[in-house]
Structures are given as structure tokens and as C-alpha cells.
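> coordinates for the following, if possible.
(2 chains)
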Amino acid sequence: MDAGLQFDIAHMLAGGLVLVSFMLLYQDRMFGLLNVFALHAFTLALSVAWQAFIQDAPHLYVTAAIALLFKAIFIPVALHRIVLRLGIHRTLETVVGVGLTMLAGIGLVALAIIVMLPASADADPLAREDLAFALSVILLGLLMMVTRRNAVSQVVGFMSMENGLILAATGAKGMPLVVEISVAFSILVAFIVIGIFLFRIRERFDTVDIEALDAFRGERP
Amino acid sequence: MSALGAFALATILVVPALAAALLALLPGYRLGARLNIAASLVTFLAGLTLFVARPAAGRVLLVDDLNVVFIALNTFVAFTTSVFSASYIGHELQTGRLTPVYLRFYHAMYQTLMFAMNLALVANNIGLMWVAIELATLTTVLMVGIYRTHEALEAAWKYFILGSVGIALALFGTILVYLAARAVVGEGMDAMAWSILVGRAAEFDAGLLNLAFVFLLLGYGTKVGLAPLHAWLPDAHAEGPTPISAVLSGLLLNVALFALLRFKLLLAANEAALAPGPLMVTMGLVSLVFASFMLYRRRDIKRMFAYSSIEHMGIITFAFGMGGPLANFAGLLHMTMHSLTKSAIFFGVGHVAQATGTQRLAEIRGLTESHPMLGWGLVVGVVAIAGMPPLGIFMSEFLVVSSTFAREPLLAIPLVAGLLIGFGALMLRMQGLAFGAPLGGSAPVEASYAPMYAHLALVLLAGIWLPGPLVAWFQNVALRLG
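This next block holds a predicted model:
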């Protein structure tokens, strides 16, 4: 396959990830948000698999598989169930309006391009534009974490940011430890998801727990 | 010699890892606490061995002049904290704040944290170092939330989210460094190895390196607790078990700073890259002045000392940012002194909180009368951390200030102002805590004072007389830091 087409497909997939990041920004329903996140992770899996193919780096298929199984399927399903259990599936607040958030997002993408392209002028074009896309995804993830108050949507923001990092790591040709890093990140994310579950469940049944605790300590009224 | 060194290097990694696995399985907290101490002692002895017998640099692990200082400090404070922890957790078990199952978990996490920090220090690979710092963050998050009160979970969550964002930014910086190196060194592990990166940093693309450092400064700076990114630190210190506060302040902040220093070396070796100094000086000064003001408004004793940690990390970052042999020397000395003093203070504070049953500053009075050993220890600790002579911190702060006056007199003004403001707040609070009519619970404590007084004695000794070889060693490292 000629290099131009390879380049174009890699570009399309990375650009698609940025687009899905924008879609995440304006989701105002919990389930919509989770579905779009699954799409985000799926796009990442495709992009990583494509990189594995064109770089002839079989270990990257592992990273793609992790992205597909863990992030596109397992995490959204788990969060789906948590959201149902907590009964927070109806609402999702955004602190600033959708229009403003989108404008800020466009500004961040412009910033990523302005910063990345001149800085990496010597690198090969694919790595360079991949990095600009990756930085856009990371910044959009940060923006999402800042504009949302809900723990679940903050975590979705964090995970989309992490997807951007994996994109950057796979785009950097021949980088060692990418698989290890994506495993480490998956552990982190799993902890966060368990954390939300315990944290929120606890918050809801707080009164019960505190009584239990005082009874346990015995010394306090 | 280097066979012994290789053995010692393996020991500081394998022993904590094995101990963590064993402690997770062992029932009985007394046995667990003893094993924790024993493992920490072995690790400390192995850490000291690295001074005399240095293993050859490997592809994955590396011991050099810079990190051996950090390793010795890290393993020493880990050992003394494990001694303190043994007397601390007995009380927590009695009052029912922790259950035996949680204690098992706690000990296993303690050793996992030691493993992660030692790995971060000896890693010869920027990716491996990143993974190790992530592991250290995860274990401390779990330990901060171990009391499972609402506040503790809130603190753990905040730490988790901010720490994760910091770690994510640091990873992006790491990837950029790899990209800069790849063009020169070639693909593969070599482009992530410190020993190779430092030698060839001069040929790297300056633009990429600059950008990478900004991300690394923001990312690891979050873990150091520098000012705009410090929000997790006071909560994490206040709500977790006190031994963890001591380890966080005394060690983990240093490890993150160590990562920054490594990357600073890369930039310093590259002529065309931006000077990392001004960025670090700015963040350090902002942290120092901000934290000094915040010290006045604290109501919680552990929170107050957490802000004092931000203040001191600010001073250290400032000193390393100034650069040059004298300021680097002062930064290294200050880092060592701060680790020793701050962990000693937390040892004291932990027992104070247990004796009085509260962490609220307003409810603790007259400690020197109700608990003389604790009270006076805390007084000495606070006097030391505030920077009074003849203790060690006075000397290192004096060096920072005088080297700043000599080179950038204008920067010395905010520096000295910040120091004085912090000094005032600490003295004010110390008077309330230590003197006057006793207030609050006066339960006797079963404390082991040895760790606290050992640290304070070392700080006092360092203030009066620094051994010649130590000075020579620090000077050598300071020169290398550029």
C-alpha cells in the first residue's frame, strides 16, 4: 500500500478521535455520554491497530485490544450499571453553556496545533500531526474535567484525556513500554471506577454508616 | 565491589516487594508491624551500601551520584517512619479507627509505596520512572482514604483526580522527550535511558525539549505540590493516617522533585533549549509566598504542617531553579533537612492527635505541661522548620538567601518576605500549642519517641557541624546539577 494512503487513513482516524472528543463536550445525558465515550475508545482502538499495521509493530495490537475490550466495552458497561444503581441517569449539568464550551474547545485545538507543529518541525509529518491531534484530545479532556461537576462525567473526561495520551504514545514510532503504560493506565482507570462506585454509594447511605461508626467506636455519643 | 552493589540495588527493590506480599498474607498486626520495621531496616542498610559499592549502570536500573542521596534519605525516613507507625497504629486499633484487616492492607501498601519510590529513584528509563511514580500515587491514594470517613474519601478522591491529571501531563512530556531523543539516538529503549539521554541531550531538538519540560513541570509539579497545583496536598495530609502524612511530605514530594531535576539536567545540557531556571524560580516563589500566607488561617494542625510542606518545596524548587553550585548545594541540603524535620513533626503531631483526641488547633493547648516529651519535641521541630538557628534548616535557608542576594538581589526580597511571613505564622501557632494552661484530652500516650528525637538530633547536628565527606558529596552533586 502506498505511503500516501497509509498516512491519510492514520490521519482520518486521529482526526476522528478529536471529532468524538468534541461530541463528548456537548452530551447532556448520562447514557449519551457513555455511548459517545465507547465510540471514542473504539476510534482509538482502530487508530492504534492501524498504527500497529503501518509501523509493523505487533505489540501495539495488544494496546488496541486493551482499548477495545477494556475501554470501549467493559468500562462503559460498568459505568452504565453504576449510573443506574445510583439513579443519576436523568441529569447532567454543564457549568458553562454548550456554545461557550465548544468555542473554548476550538480555541484549545487551535492552541494545540500552534504549539505542536512548529515545535516538532523536524519530526516526520505523521508523528507531528498525530501529536497535534493527541494534544487536542488531551486538552479537550481537560476542558471536560473542568466544566463538569459530576464525578462520572469527570472520569469520562479523564479517560478521554488518557486516550489522547495513548494516541500520542503509539504515534511516536518505536516507543518502548507503550503496552506497559497502557496497562498501567487501565489499572488506574479501573481504580477510579471502583472509587466512584464506593464513594458515591457511601455518600448516599452516609447517615447509616456514620451511626454504625459511632456505635463501633463506643466512646462517642 | 560492584557485585555487592548489584546485590544492594536488587535488595532495595526486592525486599519491599516481597515484604508487601508477605504482609498482605500475615495475620496479626504486631507481627506485621515488626516485619514492616525489619524490611525497612534491611532496605535502609542496602541503601547505605550503595554509597560504598556502586553497581555498573544497567539498561533498566542506574545508581549515580544524584540518586544515591535520594535513596539514602528515602530508605532512612521509611525506616524511622515504620518504627513510628508501629506505635501509632496500636492506638488506632484500640480506638477502632482501623480494623486488623485494614492494618494488613496498610502494611502491604506501605511496603508497596517504598518499592514504587525506590524504583522511581533508580530507574534508568523515563517510562519506567513514570510507571513507578504512578504506582506510588495509587498506593498513597488508597492509604489516604483508609479511614473511610467522608472527609477521608473526599480527600482521596481529590488527590486521585488531581494526581491523575498531573501524571497524564507528565506522560505527555515523557513522550515528547522520547520523540526528541529518537531523532538522535534512534528507536527503542536507548532513547528512554537516562544514562544515554544526558550524554546526547545537546543534539536534541530544542523546541520539543522546551515543550516537554513545560508538561513535565506541570505534571510532576502537581505531585511536588507547587502552588497553583497544590490543592490535593493539604487534604491528603490532613485526612490520612499520620505515618502516611510523614511519608508524603518527607519522601514522595522529593521523589517527584527528583524526576523534575532529572529532566532539568537534560535541558541544561542543551544550549538552545530554554533555561528551566526562571520557570522553577517563579513556581517556587509563588508556592512559598502563597503557602506562608495560608499558614495563618489554618485550623487543623496537620493541614497547617501540610502548607508548611508546600512552603518548603517552594524554597527547594526556587533554589534548584536558581542553579549554580551554591544554590544547588543549598537546595539539596534544604531538601534533606526538610524531610527529616517534617517527618519528625508529623511523628509528634500523630501522637498529639491521639493524646488529645483532636486535630483542631484551637482545642490543643499547653502540650509542654500535659505531655512534656511530646510537647518539647514538637517545639524543637517547629523551631527547626521555621528556620531558627542553630538547627539545620536555618543553615540551608541562609545559604539559599545569601546566594540569591549575591546573584539576583531583587528576587531575594519576595524570598525573604515569604520566609518571614511563614516564620511568624509558625511561631504564633507554636506558642498556642505548646504553652499556656493545658486544654484538650490529657490521655497518656504509648509513644516511641525515638524516631522523632533521632530526626531532630540529626537536624541539630547538621546545623552545628556537617561532616566533611558529606559536604564534599553534596558539592559534587550540586556541580553536576549545573
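> closest residue of chain A to chain B?
Per C-beta to the nearest C-beta, residue A:174 is where chain A lies closest to chain B, at 3.1 Å. C-betas here are computed from N, CA, C, even on glycine.
> next, count neighbours for that residue.
14 (other C-beta atoms under 10 Å in any protein chain shown).
> would you confirm that it contacts residue B:182?
Yes: applying C-beta atoms under 8 Å, one finds residue A:174 in contact with residue B:182, separated by 6.8 Å.
> list the residues that contact both of these two?
Counting by C-beta atoms under 8 Å, 6 or more residues apart in numbering or on different chains, the shared contacts of residue A:174 and residue B:182 are residue B:191.
> how about the residue of chain A closest to chain B, phi and psi?
phi 80, psi 10 (degrees, to the nearest 10).
> check contacts around it.
When contacts are counted by C-beta under 8 Å, 6+ apart, residue A:174 is found next to A:55, A:57, B:182, B:187, B:188, B:191.
> pLDDT wise, what is the residue nearest to the spatial centre of chain A at?
Geometric centre of chain A, nearest residue: residue A:160, 1.5 Å, by C-alpha atoms, centre = their mean. pLDDT for residue A:160: 92.
> ok, now residue B:459?
So residue B:459 comes in at 92 (pLDDT).
> quick check: residue B:391 touching residue B:383?
Yes: using C-beta under 8 Å, residue B:391 is in contact with residue B:383, at 6.8 Å.
> more crowded one of these two?
Set residue B:391 next to residue B:383 and count neighbours by other C-beta under 10 Å: residue B:391 wins out with 24 against 19.
> how close does the more buried one get to residue B:479?
Relative to residue B:479, residue B:391 is positioned 26 Å away (C-beta to C-beta, to the nearest Å).
> and residue B:343, by the same measure?
Look at residue B:343 and residue B:479: by C-beta to C-beta, they are 28 Å apart.
> ok, the two, which is more surrounded?
residue B:343 (28 against 13).
> the more buried one: what's it in contact with?
B:77, B:80, B:81, B:246, B:247, B:249, B:250, B:455.
> phi first, then psi, for the first one.
Just to be clear, that refers to residue B:77. The phi/psi pair for residue B:77 (degrees, to the nearest 10) is phi -70, psi -30.
> any idea whether the nearest residue to it once chain neighbours are set aside is helix, strand or coil?
Closest residue to residue B:77 apart from its sequence neighbours, by C-beta to C-beta, 6 or more residues apart in numbering or on different chains: residue B:250 at 4.7 Å. Here residue B:250 is helix, with the state taken from DSSP: H, G, I helix; E, B strand; the rest coil.
> ok, residue B:250 to chain A distance?
To chain A, residue B:250 is 25 Å away according to C-beta to the nearest C-beta, to the nearest Å.
> what pLDDT does that residue get?
With respect to pLDDT, residue B:250 scores 88.
> pretty sure it sits against residue B:345.
No: in this structure, residue B:250 is not within contact of residue B:345 by C-beta under 8 Å, at 9.7 Å.
> ok, the residue nearest to residue B:77 - contacts?
B:77, B:81, B:338, B:339, B:340, B:342, B:343, B:346.
> cool, residue B:51 as well?
Taking C-beta under 8 Å, 6+ apart, we find residue B:51 in contact with B:68, B:72.
> the closest residue to chain A within the stretch 1-150 of chain B: neighbouring residues, count only.
Here the residue of the stretch 1-150 of chain B nearest chain A is residue B:127; by C-beta to the nearest C-beta that distance is 3.9 Å. The number of residues packed around residue B:127, counting by other C-beta under 10 Å, is 24.
> relative to residue B:377, how far out is it?
On the measure of C-beta to C-beta, residue B:127 and residue B:377 end up 42 Å apart.
> excluding covalently adjacent residues, which one is nearest to residue B:382?
Leaving out its chain neighbours, the residue that sits closest to residue B:382 by C-beta to C-beta, 6+ apart is residue B:430, at 4.3 Å.
> can I have the buried ones of the contacts of residue A:174 as a PyMOL selection?
In PyMOL, this line selects whichever of these come out buried by 16 or more other C-beta atoms under 10 Å in any protein chain shown:
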select buried, (chain A and resi 55+57) or (chain B and resi 182+191)
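> quick check, nearest of the contacts of residue A:174 to residue B:316?
Of all the contacts of residue A:174, residue B:316 sits closest to residue B:191, with 29.8 Å by C-beta to C-beta.
> check whether the closest one really touches residue B:178, as I assumed.
Yes: the criterion here is C-beta under 8 Å, and residue B:191 meets it with residue B:178 at 5.6 Å.
> do you know the pLDDT at residue B:208?
pLDDT for residue B:208: 87.
> so which helix or strand takes in it?
helix B:206-224 (DSSP states H and E).
> what mean pLDDT would you report for the helix or strand hosting residue B:93?
Residue B:93 is part of helix B:65-94 when elements are defined by DSSP H and E. Averaging pLDDT along helix B:65-94 gives 90.
> tell me the helix or strand right after that helix.
Next helix or strand after helix B:65-94 toward the C-terminus (DSSP H and E): helix B:100-122.
> so whichever helix or strand comes after that following helix versus helix B:100-122, what angle?
Using DSSP H and E, the helix or strand that follows helix B:100-122 in sequence is helix B:126-144. Calculated by axes from the mean of the first three to the mean of the last three C-alpha atoms, to 10 degrees, helix B:126-144 forms an angle of 160 degrees with helix B:100-122.
> from the chain's centroid, how far away is helix B:126-144?
14 Å (C-alpha atoms, centre = their mean, to the nearest Å).
> packing partners for the helix holding residue B:93?
Packing partners of helix B:65-94 (3 or more C-beta pairs under 8 Å, 6 or more residues apart in numbering or on different chains; DSSP states H and E): helix B:29-52, helix B:100-122, helix B:242-247, helix B:253-269, helix B:324-356, helix B:450-464, helix B:468-481.
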